[in-house]
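Participant: Give me a model of this one.
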Amino acid sequence: MSPLRPARVCGALLLALDASEGRRRRRKRDTTPDALGLALKRQLLIRAVEADPDPDEFEAWLLERCLARAEDDAIGAMRAIAGEIVAEWGLASACPEFRTWLMAGARSEDRT
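Facilitator: Numbers count the residues shown, from 1 in each chain. Okay, here's the model as predicted:
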């Protein structure tokens with residue numbers, strides 16, 4: 001088995017965002033903040049897939065993306081989402097069950 005790469009995990013996380021988007025659309029409240037957060041996460045994940053940083057450099061790579069937007073009003077949100085991605089990367093790296101579920105399409109009740 002080849003070593004786990006951030007691009008592979010981030011690609012699987014991108015596919016899993018579809019379920020989050022489905023849940024967001026069904027909510028009976030203003031979901032604008034949710035949509036903004038999902039859009040930021042999607043941007044970071046796409047960039048990670050394209051860049052395919054080395055596993056040992058992934059967290060620093062994400063931090064660099066956040067610092068590049070230091071003048072942006074959304075820097076706090078970007079840092080929070082980067083932290084979420086780091087946690088998901090860590091879980092995929094450490095937990096074979098999570099990794100298997102994620103790579104199999106991250107099935108949920110929102111997606112069949």
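Participant: Quick one: the helices in the protein, in order.
Facilitator: 6-26, 32-51, 58-67, 75-94, 96-103 (DSSP state H).
Participant: The last one packs against which elements?
Facilitator: Under the contact criterion of 3 or more CB pairs under 8 Å, 6 or more residues apart in numbering; DSSP states H and E, the helices and strands touching helix 96-103 comprise helix 6-26, helix 75-94. Glycine gets a C-beta too; all of them are placed from N, C-alpha and C.
Participant: residues in contact with that helix?
Facilitator: 4, 8-9, 12-13, 16, 91-93, 107 (CB atoms under 8 Å, 6 or more residues apart in numbering).
Participant: got the angle between that helix and helix 75-94?
Facilitator: Helix 96-103 runs at 120 degrees relative to helix 75-94, counting by axes from the mean of the first three to the mean of the last three CA atoms, to 10 degrees.
Participant: which of the residues in helix 96-103 are buried?
Facilitator: For helix 96-103, burial by neighbour count (16 or more other CB atoms under 10 Å) applies to 99, 101-102.
Participant: so for stretch 78-86, what's the average pLDDT?
Facilitator: The pLDDT scores in stretch 78-86 average 94.
Participant: Which residue comes closest to Ala48 once chain neighbours are left out?
Facilitator: Sequence neighbours aside, Cys10 is the residue nearest to Ala48 in space, at 4.1 Å (criterion: CB to CB, 6 or more residues apart in numbering).
Participant: Share the number of residues neighbouring that neighbour, please.
Facilitator: Cys10 sits with 25 neighbouring residues when counted by other CB atoms under 10 Å.
Participant: for it, what are its contacts?
Facilitator: 45-46, 48-49, 85, 89.
Participant: Show me which of these are buried.
Facilitator: Among the contacts of Cys10, those buried by neighbour count (16+ other CB under 10 Å) are 45, 48-49, 85, 89.
Participant: Which one of those is nearest to Asp56?
Facilitator: Distance to Asp56 across those (CB to CB) is lowest for Trp89, with 11.6 Å.
Participant: List the single closest residue to the closest one in space, sequence neighbours excluded.
Facilitator: Val9 is the one closest to Trp89 (CB to CB, 6+ apart), at 5.6 Å.
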